[in-house]
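Participant: with the sequence up front, the predicted model follows.
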Amino acid sequence: PALDPTRRQFLKSTVLAGAAVSIGDFALRPLFAAADAPPSLSLPRAPSWVDKPMRWAQLAFVDDDPVKIDASFWFDYFKRIHADGVCLSAGGCTAFYPTDVPFHHRSPFLGQRDLFGEFVAGCRQLGMVVVARTDPHATYDDVQAAHPDWIAVTADGQPRRHWASPDMWVTCGLGPYNFDFMTEVKREIMSRYHVDAIFINRWEGSGMCYCEHCRANFKAATGHDLPRGHASLEEPVHRAYFFWRQQRLFELWRRWDAAVRAINPDSCVVPNAAGGPTGSLDMAHIGELAPTIAADRQARHGSTPLWFAGRSAKEYRAAMGHKPVIGLSGVGLEEPYRWKDSVQAPAELRLWMIDSLANGARPWFVKFAGHLEDPRWLEPIAGFYGWCHGAERHLRNTRSLARVGIVYSQQSLWFANSHDRVEDAGLGWYQALVEARIPFELVHDRLLDAKNLAAFKTLILPNLVALSDAQCDQLRAFVARGGSLIATSATSLADGSGAPRRNFGLADLLGVRFTRTLAGPIQNAYIRLEHDRAPNHPLLRGLENAPRTIAGTWRVEVESVEHFAPPPLTLIPSYPDLPMEKVYARQPKTDIAQVFLRELPGGGRVAYLPWDIDRTFWEALDPDHGRLLRNTVDWATNEPPPISVAGPGMLDVTFWQQKNSVTVHLVNLTNPMLMHGPIRDYFPVGEQKLQIRLPAGLHAKSARLLVTNISPAFHQSGDLVELTVPSITAHEVVAIDT
């Protein structure tokens, strides 16, 4: 609950403020909106090449590749697929070149060969951007014997053997192995090969380390011993460690970047940063440091939906802005058992990459091992990359034309109670907007300034529990400029550090006062659709024959502080679900509003739903909830949509502008394996009628369907272009030259 007494006690006892001062400026940054944060340190210039590559390849060499690999095969393949960027394994765990750095282990199969150097030369002859890959997370016995302080240590003081390769040791990610040894490795690679960048895999450490350096450095920074036991951020020392670790990793990033730029000023490091809403590194700061980034979601598993590749692209782009975002896909299976030498089903692999591309990421495939055991992935990649090359002019996006943004909040995920289920609420909104075919973006909650929000009419706050005062002020300013907000559940009931508030931080916008959070999960409660009290209400569109629908399982009780029109949604409180004789509503009709709608003088609108409709939709996928979420967006946005697509099936719709064109991506997700892969085949959908609203001042010169390569008839009236797509197999792109 938002006012849980243990959280109140935590607020009183926290040492965060003192720790933040001693840790350094960065420790403050994740707790506050951008307006509160201290100014960034000077940021280096982006290398000149970063916007060039549109199609990436990666070969992650293995030890025996030097005696098995056929380099000429790969050069021919890269040329055939028009790959213009490549990432090649160079060093770290294993060196694939004749290194002179002490304790940098060469591949035992390398002999006199310089495998990495051969590939750098061959790829440069093809005009490719070349990035060297390093991986510092493991090493061998001689290193452990000579430098035991470089090895990660368990809580009971034991050096850590590698979990998958018992002949190796796990290195400490926060000590001299990374800061000193791996810096020398990067200097050697850059000095010898003058590559365009160095990509760093598994650089963040492999879990908590209790080595002498981590103990001493954390003590010096915070005055505390390293925490032990369950890592709850409600405990002051765990929280201090959480931010100290981030500060240390960003310091390491800057150290490596400075080292390679000192040798090649037109280069950089590109750490494989595991960000996104659930990541432990602050995405807003990653967006400042990185000139380009790879969204490393290589494949799906379990109940991951097909649109997750596109979501990853949106997550990273929310922090990166206009910088290039790369969608990293593996040709093999990932979780849960990491079959690295496997091959994904061709339809699965291609559609995963298509959805990433449609959502603004540039494709990058990863092949583990440079020799081929199973070639079945080669042609699907070749066909997709060949098409991307032909369509490149229409894939160089300058901006998204979406008017709706879902705000995601790392701080809410870090600090909220587990039952707040912030992530599930965001996933529910994502699914609902994909089903509704509404183009949308993700927005990072620490980038809510006027510049970053200029493109949006409506922002969705899916149970964003933790919002700072400054973030609330930025949202008020957004509404004052005519923007609209949709908030659910416990949004703004805690400040930016997770400390509970007695009332909503956005109470003045929501028009309600917090009373209490009800314990849940609440079973067998319902929402009454008030067709009689709110006839023909926009929120009830498409639900005319539905008297009620299921309620959520968590609810916030509130009191209105102003006059509201009769609400279209009211509560039917929970009643017994057993025995069957007791299953009837004790209160079939109440005045307990379950949505609060405000229209403000500046043209903005605010909708607040005090229950977890979004989280429940993600769990139960009730179509009534999907309709209510869509209708709420339509009501709040209150303007003609930038695009509408009418036709059968489930499509992921995105809308982009390029230098002299606009494009609409239509990704066909209509598949029985949508929520549990892999897909086996595509299931084409029929005719789609599009209404495309061009940005002001643009006129359509021509239209082309880039996948089927046909020119449809179109009609333009004012800024509205109408055309028909006959059918979609996996993907279609409507390109309108302007």
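Facilitator: Looks like it arrived, so ask away.
Participant: who's in contact with the residue lying closest to Lys79 once chain neighbours are set aside?
Facilitator: Spatial nearest neighbour of Lys79, chain neighbours left out: Leu126 (5.7 Å); criterion: C-beta to C-beta, 6 or more residues apart in numbering. All C-beta spots, glycine's among them, are computed from the backbone N, C-alpha and C. Going by C-beta atoms under 8 Å, 6 or more residues apart in numbering, Leu126 touches Phe75, Phe78, Lys79, Ala83.
Participant: could I get those residues as TSV with pLDDT, secondary structure and distance to Asp622?
Facilitator: Formatted as TSV, the contacts of Leu126 follow (pLDDT from 0 to 100; DSSP: H, G, I helix; E, B strand; the rest coil; distance: C-beta to C-beta, whole Å):
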residue	pLDDT	secondary structure	distance to Asp622
Phe75	98	helix	53
Phe78	98	helix	48
Lys79	98	helix	51
Ala83	98	coil	44
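Participant: highest neighbour count among those?
Facilitator: Highest neighbour count within those: Ala83, with 27 neighbours (other C-beta atoms under 10 Å).
Participant: pretty sure Leu689 sits in a helix.
Facilitator: Actually, residue 689 is Lys rather than Leu. No: looking at Lys689 with DSSP: H, G, I helix; E, B strand; the rest coil, it is strand, so not inside a helix.
Participant: gap between the most centrally placed residue in the chain and Ala284?
Facilitator: Centroid-nearest residue in the chain: Glu315, 2.8 Å away (criterion: C-alpha atoms, centre = their mean). For Glu315, the distance to Ala284 equals 12 Å [C-beta to C-beta, to the nearest Å].
Participant: isn't the residue nearest to the centre of the chain up against Met283?
Facilitator: Yes: the criterion here is C-beta atoms under 8 Å, and Glu315 meets it with Met283 at 7.3 Å.
Participant: name the residues of stretch 634-652 that are buried.
Facilitator: For stretch 634-652, a neighbour-count test (16 or more other C-beta atoms under 10 Å) marks 634-637, 641-645, 647, 649-652 as buried.
Participant: now the contacts of Leu126 as JSON lines including distance to Pro610?
Facilitator: Listed next are the contacts of Leu126 as JSON lines, based on distance: C-beta to C-beta, whole Å:
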{"residue": "Phe75", "distance to Pro610": "61"}
{"residue": "Phe78", "distance to Pro610": "55"}
{"residue": "Lys79", "distance to Pro610": "59"}
{"residue": "Ala83", "distance to Pro610": "51"}
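Participant: how long is stretch 156-174 end to end?
Facilitator: Using C-alpha to C-alpha, to the nearest Å, the end-to-end distance of stretch 156-174 comes to 19 Å.
Participant: can you list contacts of it?
Facilitator: 93, 136-141, 143-144, 148-154, 177-178, 203-206, 209-211, 213-214, 217, 245, 248-249, 252.
Participant: residues of that stretch that come out buried?
Facilitator: For stretch 156-174, a neighbour-count test (16+ other C-beta under 10 Å) marks Pro159, Arg160, Arg161, His162, Met168, Trp169, Val170, Thr171, Cys172, Gly173, Leu174 as buried.
Participant: nearest to Leu357, of these?
Facilitator: For these, the minimum distance to Leu357 (C-beta to C-beta) is 32.1 Å, reached by Gly173.
Participant: for the nearest residue to Ala713 once chain neighbours are set aside, give me phi and psi.
Facilitator: Nearest residue to Ala713, sequence neighbours excluded (C-beta to C-beta, 6+ apart): Leu723, at 6.8 Å. Dihedral angles of Leu723 (phi, psi; degrees, to the nearest 10) stand at phi -160, psi 170.
Participant: that concludes my questions; thank you for your assistance.
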